[in-house]
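Q: Just a sequence and a predicted model for now, questions to come.
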Amino acid sequence: MKVPASSREQFLLIVQQEMERFEREERELRKEDRAERARLLKLPE
């Protein structure tokens, strides 16, 4: 199946944007996770 270059480029662009969004969300989650762990470690026993 031959896909027009423009729609293939469009598709690749969307995939790339999704990957970047996913990586950003991952970083945010890890940051929150670290903050939460640090907060828990500071709690008195």
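A: In hand now; what should we look at?

Q: Regarding Lys31, which helix or strand does it belong to?
A: helix 5-42 (DSSP states H and E).

Q: can you give me how far that helix is from the chain middle?
A: 1 Å (C-alpha atoms, centre = their mean, to the nearest Å).

Q: pLDDT of it, averaged?
A: The average pLDDT within helix 5-42 is 94.

Q: And that helix, what does it pack against?
A: The contact analysis (3 or more C-beta pairs under 8 Å, 6 or more residues apart in numbering; DSSP states H and E) places helix 5-42 against no helix or strand. C-beta: built from backbone N, CA, C; applies to glycine.

Q: Now do the buried residues in it.
A: By neighbour count with 16 or more other C-beta atoms under 10 Å, helix 5-42 contains no buried residues.

Q: Extract the C-alpha trace of stretch 16-29 and format it as PDB.
A: Only the C-alpha atoms of stretch 16-29 are listed here, as PDB (Å, rounded to 0.1, in the frame of the first residue of the first chain):
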ATOM      1  CA  GLN A  16       6.800  12.200  17.600                       C
ATOM      2  CA  GLN A  17       4.600  14.600  19.400                       C
ATOM      3  CA  GLU A  18       2.900  11.800  21.300                       C
ATOM      4  CA  MET A  19       6.300  10.400  22.400                       C
ATOM      5  CA  GLU A  20       7.500  13.900  23.600                       C
ATOM      6  CA  ARG A  21       4.200  14.300  25.500                       C
ATOM      7  CA  PHE A  22       4.600  10.900  27.100                       C
ATOM      8  CA  GLU A  23       8.200  11.600  28.100                       C
ATOM      9  CA  ARG A  24       7.200  15.000  29.600                       C
ATOM     10  CA  GLU A  25       4.400  13.300  31.600                       C
ATOM     11  CA  GLU A  26       6.900  10.600  32.800                       C
ATOM     12  CA  ARG A  27       9.300  13.200  34.000                       C
ATOM     13  CA  GLU A  28       6.500  15.000  35.900                       C
ATOM     14  CA  LEU A  29       5.400  11.800  37.500                       C
END
